[in-house]
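>>> starting from these lines, generate the structure:
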Amino acid sequence: MLAFLKIVAAAFVALVILIVIIVLFIRWKFRSFMAGIMDKVKNEASSGVPPFRITLSRTEEDDEDDSDDSGWSHSDDVRRLTEDMIGAGFTAIGDFDVEELPLKLRAFQHHDHQAYGVIYDHFVAGSWCDVVRRYADDTSWTCSTGKQHGMDSPPHSNSQHFPGESVKTVLDRLLESSPATGYLKAGADTFVRAFESAYSREMNWRIERGGPTEEEIRRISSMGGQECTQEQIDAVQKQWRLAIGQFLSDRMIRSWRKDSGIAQADFEAVAWRTVAVHKRLLPEQILALVDEDFSPEYYSGPDEDEPETLEWERDLNLLREWCREGSAISAFNQLLVSRQLDSKWEKLGSVDKSVRGEIWRRPAVGDEHHDDADDENEFDYEESERV
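Numbering: from 1, shown residues only. Got it, this is the predicted structure:
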């Protein structure tokens with residue numbers, strides 16, 4: 001295998017934004033153990049995990065008006081890269097915002113070489129660009145002006161990095177290194193879908209791995225001139241696993257509602273009571289399903305002055321043992337029995353698509369404390385991709 005396949009990369013034009021975002025989020029977690037984290041990064045990355053899906057929306061500004069780049073964080077760099085793209089033979093597709101992140105991008109296509117070009121602008125990471133070819137065998141080849149960043153690469157992604165080089169040089173490197181046949185058309189009308197799908201595929205691969213590995217976290221920390229402790233590594237990985245568990249739960253509930261034929265309006269009335277139980281849930285998440293006063297994000301351990309935390313710690317220890325001996329699903333059922341709640345909860349059905357699990361409904365208590373309008377937003381994910 002070629003050496004550059006070991007370089008951290010990702011699929012298609014989502015490659016560098018995704019990795020840089022992940023790097024920023026991981027670095028934020030390191031710095032959160034210390035003082036002095038930048039307010040901007042703190043606001044951006046409260047959970048320490050990037051979104052598992054993104055949505056591109058076209059900006060309202062005139063894409064061809066290079067004289068007004070006021071909406072960009074690094075307008076001079078964007079303008080320079082735009083001139084470089086056009087000089088290398090690329091034609092503008094348009095400007096886009098990533099709705100889930102403070103990130104803007106400007107997309108291009110190269111008709112002669114069937115390659116996409118993308119300029120990224122992130123208020124912390126700066127501006128950089130990629131040139132990309134996609135292939136019929138579902139692989140992608142990317143050359144970037146962005147720096148290497150320390151994350152592992154999915155097997156379908158091939159990437160090289162040339163910081164500081166011109167777009168023309170990066171394009172030449174792409175044409176030299178990528179296969180000369182079998183590439184897909186780089187059409188303006190397919191850009192958004194290709195971009196979003198590539199990001200989803202990349203994230204599916206990371207979800208399947210359970211988030212960043214210890215080696216990746218240590219590598220990123222070292223590249224940033226920092227040393228990380230095992231406690232910090234565990235904290236980063238736990239944040240990812242919590243987020244993965246919730247993401248899969250949301251998808252599972254949406255899939256079950258669709259398959260069951262329940263109208264959205266009818267479902268909204270009981271949405272807050274509907275939960276998914278599956279193998280990727282952590283013990284803390286199982287407890288949070290049963291005890292709504294418990295929060296995995298804020299629980300810091302038992303406190304003798306707070307009797308409720310002693311009960312939580314007892315249940316968590318039981319759940320950890322039950323998960324080791326069986327599964328998260330069996331542990332959930334055992335917790336219901338332990339708390340004498342099994343007769344009050346209702347099993348609605350099972351799901352066996354992206355991940356196997358069960359759908360349950362909580363007892364009808366405290367409806368006035370839940371906002372059903374907010375629940376509708378939890379199901380805003382595509383169901384087509386298996387993770």
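>>> which residues does Val131 contact?
Neighbouring residues of Val131 by C-beta atoms under 8 Å, 6 or more residues apart in numbering: His110, Ala115, Tyr116, Gly117, Thr142, Cys143, Ser144, Val167, Val170, Leu171, Leu174. Every residue, glycine included, has its C-beta placed from N, CA and C.
>>> quick check: the gap between Glu208 and Leu248.
Glu208 is 11 Å from Leu248, where distance means C-beta to C-beta, to the nearest Å.
>>> before we move on, what about Ala88?
41 Å.
>>> where does Leu242 land on pLDDT?
We have a pLDDT of 92 for Leu242.
>>> for Gly349, identify the helix or strand it belongs to.
Secondary-structure assignment from DSSP states H and E places Gly349 in strand 346-352.
>>> no wait, Trp256
Here Trp256 sits within helix 230-260, counting by DSSP H and E.
>>> before we move on, what about Arg133?
If you go by DSSP H and E, Arg133 is part of strand 126-134.
>>> show me what counts as buried in that strand.
For strand 126-134, burial by neighbour count (16 or more other C-beta atoms under 10 Å) applies to Ser127, Trp128, Cys129, Asp130, Val131, Val132, Arg133, Arg134.
>>> equivalent analysis for stretch 80-97, please.
In stretch 80-97, counting by 16+ other C-beta under 10 Å, buried: 81-82, 84-85, 88-90, 92-97.
>>> in JSON lines, list those along with pLDDT and secondary structure.
Shown next, in JSON lines, are these (pLDDT from 0 to 100; DSSP: H, G, I helix; E, B strand; the rest coil):
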{"residue": "Leu81", "pLDDT": "97", "secondary structure": "helix"}
{"residue": "Thr82", "pLDDT": "97", "secondary structure": "helix"}
{"residue": "Asp84", "pLDDT": "97", "secondary structure": "helix"}
{"residue": "Met85", "pLDDT": "97", "secondary structure": "helix"}
{"residue": "Ala88", "pLDDT": "97", "secondary structure": "coil"}
{"residue": "Gly89", "pLDDT": "97", "secondary structure": "coil"}
{"residue": "Phe90", "pLDDT": "98", "secondary structure": "coil"}
{"residue": "Ala92", "pLDDT": "97", "secondary structure": "strand"}
{"residue": "Ile93", "pLDDT": "97", "secondary structure": "strand"}
{"residue": "Gly94", "pLDDT": "96", "secondary structure": "strand"}
{"residue": "Asp95", "pLDDT": "97", "secondary structure": "strand"}
{"residue": "Phe96", "pLDDT": "96", "secondary structure": "strand"}
{"residue": "Asp97", "pLDDT": "94", "secondary structure": "strand"}
